[in-house]
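Visitor: Quick one: sequence and predicted model below, then my questions.
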Amino acid sequence: EIRLREAQQVARIGSWELDVVTDRVLWSEEEFRIFGIDPNQPVPSFEQIGQMIHADDRKDFTQVFQTAIAEGTSYKIDLRFLRSDGSICYTENRGKPIFNEIGQVIRMVGTSLDITDRKAIEARFDQLSATIPGNIYTVVQSLDGRVWFEYMSAAIEEIHELSAVDILHDASLLLRCTHPDDVAAYQAAVAESAETMTLFKHEWRIVTPSGKLKWLQGNSRPKRRENGDIAWYGIVMDVSEAKRDEAVRKQVEAALEAQQLRLYQVIDAVPSAIFVKDREGRYLMANQAFADIYGVAIAAILGKQDADFNPASAQVKHFLAIDQQVMQTRQPQFISPKAISTPEGKLRWHQVNLRPLIDADNQVQGIIGSLIDITNLVRLEMMLTNASDTLDQVKSAKNQVFIDLNASLLPPVAVVRNTEYQQD
């Protein structure tokens, strides 16, 4: 029992039991801690527990719990609870019925896993994914072939015309949108990725509920978990417009391939440089594209500030001032092209997009940024400017030639005219 109590405390998972006949509730010690209640206090009644559930989640819980008792089925549901100190606790709740000898449900037993920290990370990732032009997802396939989504960004609703919440509850809603002619190729691509544990990269068509035909491109990296399940972390983009222009489509593919250098985390599937800083300017996250700007590994960036790897002190000071302005005003900034010196001493120009990192309590915790390399565009503009200046110089020189030529011809003409007058 002591080992079980210690294991629950480490895993932050509590256990409970409900007598369906008497409504008597039993809690483990960790269950008390999760919900912010002194273990020396009496166990809350089933009715009191219901009042602890966030008002927006009570209806879903009541429906799931009553169905479990009526049909004798297990359930799993994420809920928000209000702790006694006013804070919100997120839990993953599982329940299982216990039957008597005649098949009646007499007890419900289950667990409550504290996922508050995980939800905070998901909220931060949701903000980050809003800057990415595509749907970010995590999909899992078990050994028995079952498939479900663990994460789905809001972009899925625009692409598939389906609710992210509904897809998380039923993955088949999304999979059924695949065009009938593309199902076999899609399944083969998934099977090959699972068998070889290599990058899933595939294009396929879907038909949305409104009847629209769209082309999608998916890129995800598989990872095998300890229990044998395979999870893919990736991004799906709507490439319908690119499909209508083959040249543009190839450019998109090339840009994606350049950014997908053995990616193991979903953010590294984004072709743009992405980073997250805390209020002190320390990097909390950076993708490979961002690390490549400074020619360092991602590990060398995390926990560091710009001054630690950017030798341009004036530039670092300027970046810090802009970051502070974004955090203070809570307004995003789209910054004109900025030149950043590479480790080789060359200048690369980037278009910078910054927005405040806001937590679940509406507090600014740092900066989210993305950079797009527009060096070639800037160089082209410089070439055009230089060409325009050269043209102006040529025009000026040509005009001077005409002036000099006229000046040299005028005296002889005057002499001829005077001679004519004398003859007359």
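Guide: Right, received. Where do you want to start?
Visitor: When you work out contacts or count neighbours from here on, use the C-alpha atoms and nothing else.
Guide: Fine.
Visitor: Quick one: residues contacting the closest residue to residue 216 other than its chain neighbours.
Guide: Nearest residue to residue 216, sequence neighbours excluded (C-alpha to C-alpha, 6 or more residues apart in numbering): residue 238, at 4.7 Å. Contact analysis of residue 238 by C-alpha atoms under 8 Å, 6 or more residues apart in numbering lists 134, 159, 214-217.
Visitor: And the contacts of stretch 68-81?
Guide: For stretch 68-81, the surrounding residues in contact (C-alpha under 8 Å, 6+ apart) are 35, 52-54, 57, 61, 64-65, 67, 88-97, 105, 108.
Visitor: I'd like to know which of the residues you listed are buried.
Guide: Neighbour counting by 16 or more other C-alpha atoms under 10 Å classes 35, 52-54, 61, 64-65, 88-97, 105, 108 among the contacts of stretch 68-81 as buried.
Visitor: taking the residues you listed one by one, which sit in strands?
Guide: Among those, the members found in strands (DSSP state E) are 88-97, 105, 108.
Visitor: Please identify the one among these that lies nearest to residue 194.
Guide: Taking C-alpha to C-alpha as the measure, residue 194 lies nearest residue 92 of these, at 27.9 Å.
Visitor: gap between that closest one and residue 139?
Guide: 18 Å (C-alpha to C-alpha, to the nearest Å).
Visitor: Likewise for residue 273?
Guide: From residue 273 across to residue 139, the span is 24 Å (C-alpha to C-alpha).
Visitor: Of those two, which one has the most company?
Guide: Remark: of residue 273 and residue 139, residue 273 carries more neighbours, 23 against 19, as counted by other C-alpha atoms under 10 Å.
Visitor: My guess is that one contacts residue 287. True?
Guide: Yes. If you go by C-alpha atoms under 8 Å, residue 273 and residue 287 touch, sitting 6.4 Å apart.
Visitor: which residues does residue 279 contact?
Guide: 327, 364-367.
Visitor: Show me the helices in the stretch 251-400 of the chain, by range?
Guide: All helices of the stretch 251-400 of the chain, identified by DSSP state H, counting those that start in this stretch, fall at 288-294, 306-309, 313-329, 375-423.
Visitor: ok so, going back, redo the contacts of residue 279 as CSV? Include pLDDT, neighbour count and distance to residue 29.
Guide: Shown next, in CSV, are the contacts of residue 279 (pLDDT from 0 to 100; neighbours: other C-alpha atoms under 10 Å; distance: C-alpha to C-alpha, whole Å):
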residue, pLDDT, neighbour count, distance to residue 29
327, 94, 21, 41
364, 93, 18, 35
365, 93, 16, 33
366, 94, 23, 37
367, 92, 26, 39
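Visitor: Residue 24 touches residue 47, doesn't it?
Guide: No. In this structure, residue 24 is not within contact of residue 47 by C-alpha under 8 Å, at 10.6 Å.
Visitor: Can you identify each of the strands in the stretch 151-300 of the chain by residue range?
Guide: 200-207, 213-224, 230-238, 273-278, 283-286 (DSSP state E, counting those that start in this stretch).
Visitor: Mind checking those for the one nearest to residue 113?
Guide: Nearest of the strands of the stretch 151-300 of the chain (C-alpha to C-alpha): strand 230-238, 20.8 Å.
Visitor: Tell me what angle the closest one forms with strand 213-224.
Guide: 160 degrees (axes from the mean of the first three to the mean of the last three C-alpha atoms, to 10 degrees).
Visitor: so how far is strand 230-238 from its chain's centroid?
Guide: 11 Å (C-alpha atoms, centre = their mean, to the nearest Å).
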